[in-house]
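Novice: Turn this into a model:
(2 chains)
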Amino acid sequence: MGTLTRAIRNVSRRKARTLLVVIALGFSMAIMISIPPGIVANQVSTQGLTENYNDMLTSMQEEINKTATLIECSTSSGQGTPSGPPTGGPQGMPPFGSQQETVFVNVTVVDEIRSIAGVKEIVEFLETSSNETTSETISSPRGEFTVSRPIYTITGVSLNSYFINNYSILPTEITSGRNLQEADSRVVLLSSNLTSYLGLGVGDQIDIYGESFTVVGIFEPTSQGRFETRIVYMNISDAQVVTGNMGNVSRLDVYADNASDVDGIADVIEATYTDLYVTTYRERLASLEGMQQRYTEMLDNAQATIAQTQSTATQVIIIAVAATSLIVLFVMLYTVRERTKEIGTLKAIGFSNWNVMSQFMLEGILISLIAGVVGIAIGSVAAPTLTSLLLPRISMFGTQRSFPGTMDPGTTVSQAVTTTLDPQWMLLAFGIAVFLGSLGSLYPAWRASRTSPMEALKYE
Amino acid sequence: MSELILKTEELGKVFRLGGRSIRALSDVGLQIRKGDFISIMGPSGSGKTTLLNMLGCLDKPTKGKVIFDGADVTKVSEKDLYKIRRHKVGFVFQTFNLMPYLSAIENVELPMEGTKKSRDEKKQRARELLKLVGLAEREDHRPHRLSAGEQQRVAVARALANNPSIVLADEPTGNLDAKTKYEVVRLLGKLNTEQRTTIVMVTHDSQIAAHAGRMLFLNDGKLLAKEKQGTHLAKDALKCSNCGRETQPEDTFCPRCGKKL
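Specialist: Below is the predicted model:
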């Protein structure tokens, strides 16, 4: 009959008390094993977000820098946002869901602008919506609503090899087939989301405004906002023919000879053609800076949330640790008090102070061990719940890489952290729980060992 | 004359209670020899239990000496007194004080914890003692499944576990009914006669006290000069008064003639 056997008997004979202590300690331990991985997940998430934003801003800055001599002229106010790629992209389209009618300018305007001093090149685009629309349900923090939007956007591009080679007028990420080439006719390049939507592939035919076109390639759209734009690229002359806009364009990318000419040219265009919305490098840069500021604020918020998370987590862990020790302390103190007469008897029949102390210490450690196992079980099952309950959520954009031209700034997503329990940390937390249990039972055990046998025997 | 086991010299104990001093023992001089069966009698509050606690090294006197096997134990530090309690003293309490979570045999093994005996030796010794007190068949029973008398017999076996120099019994029959208390006192008598166990028993029951060899009287903390020779009824009680047949402590009737014992 060893000390351990007696400790096991004592722990097991007070089942309700042991169970309560084990559950309380188990939860404390579950908190200890759940929170740190939660913090790590938050940190990783924010770090990833920061890197994505930084990459995006850098690439946008590079794009804008490349286009120092570009003056964008469009027929709709949505045009000219510093969205990449800054030329030839579909970002100039009015926001989906608000089917604005596209306004066009005649190519005679192009010739007039070309005659302005300092103008080097003009790249023409024709952007318009498909004649068919579709109803789609959109979820947002403000609720669900149904919108009617065109199935796709047609972007007619001047397929001139000089333009193709020197300006970013076509998408670059071709996932299947080939890109458009000079003199391509009756062929189209589709965005992957459109081919998925229509169930088409390279070599298939697509009907546009009643005319049949061959799909020669599929590209990955760079814009993945809440409303994903489905795009068809084709030769501008084909686009003008099928949409009945012969001689019309909807956007002009005017390139100056020198960056110093840009402001003067922009002023002349704005004064002469009041229907055109003109944006220059400086405006795009200013817009980018505004966006940078917004992103910085968001990242600061995310960092603040992380700091708050860590602070909360530290407090929670301290409380859990203190609670663990205090629970064991009070339960063992109560046990010692309850078993005073037993302690007196043990000392009277020859138990040393150490014998008595080790008996009570062992009982405390035993309870902590059981609680440790229960804690791991609770932690394994309930870690995500505990983490989401105890840690603040990080507010961030819904997607990791979103271009602002298609992103609703009001759309943020509260992302619950994904907790992955670390076996090493679980083992450490188990050790901590047992250590705290031992610590909590140290004083009661010491008190028990110091009890006067005579006084203890009188205790009723 | 037998060897002197325990001696007290001018033993005194004063308790301090709320600023008042209460004299529990005063100049008690006592000699206990090997094989003695002494009962100490006295009214409540006379200092019987206090004296027993001093003899058993559970408490220290405020005056005088307790000399155990020639050594003054009052000079032994509190943390080392357990060695004397473990090896030289066996306690029997009024309320038995068995561990409810241990079986009879485990309770008897308990004082042997920390001794050099092997597990088997402890078990064997505990079995022998349970057999001695007539509870060989009940070794696996926990206290709640034993009668009061049986529990006290387990407590007696436990007191003998380390073959102590002296067994100190504090009101060992106080919680027992009329029939059972004689069983227990007869058991103590048997141990005294057959094993030469030295026993000091505190009681306020004169009939029980009369079973001892010597009867001492304590009043107001002082040992009275008068000392009575006990009838040593316990010794005789082991034999049937009708046919003279040796009986066991647990026997209520004589196994030979059937006379009520």
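
Novice: Where do the strands of the stretch 1-150 of chain B begin and end?
Specialist: All strands of the stretch 1-150 of chain B, identified by DSSP state E, counting those that start in this stretch, fall at B:4-17, B:20-33, B:37-41, B:63-68, B:71-72, B:89-92.

Novice: Longest helix in chain B, please.
Specialist: Longest helix in chain B by number of residues (criterion: DSSP state H): helix B:178-194.

Novice: Quick one: distance of that one to the chain centre.
Specialist: 11 Å (Cα atoms, centre = their mean, to the nearest Å).

Novice: just checking, what packs against the helix or strand that it is followed by?
Specialist: Next in sequence after helix B:178-194, counting helices and strands by DSSP states H and E, comes strand B:199-203. Under the contact criterion of 3 or more Cβ pairs under 8 Å, 6 or more residues apart in numbering or on different chains; DSSP states H and E, strand B:199-203 touches strand B:37-41, helix B:48-55, strand B:166-170, helix B:178-194, helix B:206-209. Bear in mind the C-beta positions are built from the backbone N, C-alpha and C, glycine included.

Novice: Partner strands of strand B:199-203, with direction?
Specialist: Strand pairing for strand B:199-203, using DSSP bridges, gives strand B:37-41 (parallel), strand B:166-170 (parallel).

Novice: Compute the inter-axis angle for it and strand B:4-17.
Specialist: Orientation of strand B:199-203 against strand B:4-17 (axes from the mean of the first three to the mean of the last three Cα atoms, to 10 degrees) gives an angle of 30 degrees.

Novice: Name the residues of strand B:199-203 that are buried.
Specialist: For strand B:199-203, burial by neighbour count (16 or more other Cβ atoms under 10 Å in any protein chain shown) applies to B:199-203.

Novice: show me what contacts the residue in chain A positioned nearest to chain B?
Specialist: Nearest to chain B, among the residues of chain A, is residue A:350, at 2.6 Å (Cβ to the nearest Cβ). By Cβ atoms under 8 Å, 6 or more residues apart in numbering or on different chains, the contact set of residue A:350 is B:82-83, B:85-87, B:89, B:111, B:113-114, B:162.

Novice: near chain A, which of those residues show up?
Specialist: Contacts with chain A within the contacts of residue A:350, counted by Cβ under 8 Å from any Cβ of the partner chain: B:82-83, B:85-87, B:89, B:111, B:113-114, B:162.

Novice: Please look at residue A:136 and residue A:145 and confirm they touch.
Specialist: No - the pair residue A:136 / residue A:145 is not scored as a contact, 9.8 Å apart, by Cβ atoms under 8 Å.

Novice: where in the stretch 101-250 of chain B is pLDDT low?
Specialist: Scanning the stretch 101-250 of chain B with the threshold set as pLDDT under 70 gives B:225-239, B:241, B:246-250.

Novice: where do the helices sit along it?
Specialist: For the stretch 101-250 of chain B, helices defined by DSSP state H, counting those that start in this stretch occupy the ranges B:104-109, B:119-132, B:148-159, B:178-194, B:206-209, B:233-237.

Novice: out of the ones you listed, nearest to residue B:13?
Specialist: helix B:206-209 (22.1 Å; Cβ to Cβ).

Novice: Run through the neighbouring helices and strands of the closest one.
Specialist: Under the contact rule (3+ Cβ pairs under 8 Å, 6+ apart), helix B:206-209 is packed against strand B:37-41, strand B:199-203.

Novice: again, only using 7 Å
Specialist: strand B:37-41 (3 or more Cβ pairs under 7 Å, 6 or more residues apart in numbering or on different chains; DSSP states H and E).

Novice: Tell me how many other residues surround the residue in the stretch 1-150 of chain B positioned nearest to chain A.
Specialist: Nearest to chain A, among the residues of the stretch 1-150 of chain B, is residue B:86, at 2.6 Å (Cβ to the nearest Cβ). Residues near residue B:86, counting by other Cβ atoms under 10 Å in any protein chain shown, number 24.

Novice: ok, so what distance separates it from residue B:110?
Specialist: Distance from residue B:86 to residue B:110, counting by Cβ to Cβ, to the nearest Å: 11 Å.

Novice: now residue B:177
Specialist: Distance from residue B:177 to residue B:110, counting by Cβ to Cβ: 26 Å.

Novice: Between those two, point out the one with more neighbours.
Specialist: Of the pair residue B:177 and residue B:110, residue B:110 is the one with more neighbours under other Cβ under 10 Å, namely 22 against 12.

Novice: what about the longest strand in chain A?
Specialist: Determined from DSSP state E, the single longest strand within chain A is strand A:119-129.

Novice: which strands and helices sit next to that one?
Specialist: helix A:107-114, strand A:153-157, helix A:236-242, strand A:248-249, strand A:251-256.

Novice: So for stretch A:159-166, what gets flagged as buried?
Specialist: Neighbour-count burial for stretch A:159-166, counted by 16+ other Cβ under 10 Å, picks out A:159-160, A:163-164.
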